[in-house]
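1. sequence-free structure coming up:
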């Protein structure tokens, strides 16, 4: 499969590396490839992952059969607008971003929040996309290697398109997520719930002093 | 110990019953005791729990050595205003409420949210109280009987007063919460994080079809 990973930060690079290791083709999408390559952190990663392409958002979106939104949540709609709706129509977008708002400092708030979500905003703005919100409730290392956290823990799915959610489930399994730890919450509206886990996630990171933790819904697999 | 449980709904009654069963004295606080007794649901409960007192907020708060806020989050400040600041000063308030806002229908949103929380609002409005936010992230049956949910799962603490948090911890242990499942997130500001668990909690209730589940922070007890 050919994936376009939109976003060149640690989240995008971590997911891209995992996709490459699984034998997929990956094109990283960015606003300005030349500027991205001037960043030492990115350039170092690119050298170590020479198979990954780097292209402007529109070219990456054109090439990608499945898209991953790993841009900052405050610029996701702008990035997808750059990507061009013609390159989005009918494609699955795996939205792993959160609408973190650092305008009031740290810890960040969320915008939108509560009565809307980034997942819904993207689905509403680009109705041709098949948005599946997932993986946004944990550190990126845990996203692609759930065994970093011992024991069972949960990954959520939100989205309107059952086929798209099924395809994303298969991708999660290939990342070594186990079937009984995936909870499909329902439509994209439920992304409000998963995005609103970020404030406690950030405070837990501070309290615990590490990022190798995750939410587990205890009692979800009750059998009666 | 003499507890004042403010609020006559299922949450208040469930916590009150557990406190009684542990040998504590309990006074239930309400706006209008006569009106409360006219509600069949409450009257039936009162008959079965004759040891529980019922009094206006101010009288309950005066009698209680420790207060429990089990009122609806949208009316908590009004109830505590009724209770009279003179009866609150220096007392621990265990805030188990959430600021659920049903004005847009179901599922409810939160108000305040993200840049403020009910826990902070109460602490700010009644600086003489020693507010400890806890237990607000699960069904009330689970609050007082964590074994309803199999396996380890988490209860959070937020508050400014270390002594108050220690006292509330002891109460949690008496409810059969185990020490390693209690996470102290820090100051009352962290109540933003726990209150913002409610949106996904409500959606999980819908998806799972029951309320015997709880959040567990997997990886919180990492030993390295």
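-> Noted; the coordinates are in hand. Quick caveat: nothing in here was measured; it's all calculated off a predicted structure.
2. what's the strand or helix carrying residue A:81 in contact with?
-> Under the criterion of DSSP states H and E, residue A:81 resides in helix A:76-83. Residues from elsewhere that reach helix A:76-83 (Cβ atoms under 8 Å, 6 or more residues apart in numbering or on different chains): A:6-7, A:29, A:31, A:56-58, A:60-61, A:67, A:69, A:71, A:88, A:93, A:95, A:97, A:99, A:118, A:121-122, A:125-126, A:129. In this view, the C-beta of every residue, glycine as well, is placed from N, C-alpha and C.
3. what do you get for stretch A:27-34?
-> With Cβ under 8 Å, 6+ apart, stretch A:27-34 has contacts from A:2-8, A:12-13, A:16, A:36, A:52-57, A:59-61, A:63-64, A:79, A:82-83.
4. Drop anything exposed from these.
-> Applying 16 or more other Cβ atoms under 10 Å in any protein chain shown to these, the neighbour count classes A:3-8, A:12-13, A:16, A:36, A:52-57, A:59-61, A:63-64, A:79, A:82-83 as buried.
5. hang on, residue A:18 in a helix?
-> Yes: under DSSP: H, G, I helix; E, B strand; the rest coil, residue A:18 sits within a helix.
6. show me where chain A has helices.
-> A:10-21, A:33-37, A:40-48, A:57-63, A:76-83, A:118-125, A:140-144, A:162-174, A:191-195, A:198-208 (DSSP state H).
7. Isn't residue A:150 up against residue B:220?
-> No: counting by Cβ atoms under 8 Å, residue A:150 does not reach residue B:220; the two are 10.8 Å apart.
8. who's more crowded, these two?
-> residue B:220 (19 against 12; other Cβ atoms under 10 Å in any protein chain shown).
9. Can you give me the distance of that one to chain A?
-> 6 Å (Cβ to the nearest Cβ, to the nearest Å).
10. Can you name the residues that contact that residue?
-> With Cβ under 8 Å, 6+ apart, residue B:220 has these contacts: A:204, A:208, A:213, B:154, B:183.
11. List the contacts of the second one.
-> With contacts defined as Cβ under 8 Å, 6+ apart, the neighbours of residue A:208 are B:217, B:219-220, B:222.
12. can you check the last one too?
-> Shown in contact with residue B:183 (Cβ under 8 Å, 6+ apart): A:204, A:207, B:154-157, B:217, B:220.
13. 10 Å instead, please
-> Going by Cβ atoms under 10 Å, 6 or more residues apart in numbering or on different chains, residue B:183 touches A:200, A:203-204, A:207-208, B:154-158, B:190, B:194, B:217, B:220-221.
14. again, but for the first one
-> Each residue near residue A:204 by Cβ under 10 Å, 6+ apart is listed here: A:197, A:210-211, A:213-215, B:154, B:156, B:183, B:185, B:190, B:193, B:217, B:219-220.
15. one more time with 8 Å
-> Residue A:204 neighbours (Cβ under 8 Å, 6+ apart): A:213, B:183, B:185, B:193, B:217, B:220.
16. Go through those and flag which are in strands.
-> Secondary structure defined by DSSP state E assigns B:183, B:185, B:217 of the contacts of residue A:204 to strands.
17. quick check, nearest of those residues to residue A:47?
-> Nearest to residue A:47 among the ones in strands among the contacts of residue A:204, counting by Cβ to Cβ, is residue B:217 at 36.8 Å.
18. Next, count neighbours for residue A:167.
-> By the criterion of other Cβ under 10 Å, residue A:167 has 16 neighbours.
19. which non-adjacent residue is nearest it?
-> Of all residues not flanking residue A:167 in the chain, residue A:92 sits nearest, at 6.0 Å (Cβ to Cβ, 6 or more residues apart in numbering or on different chains).
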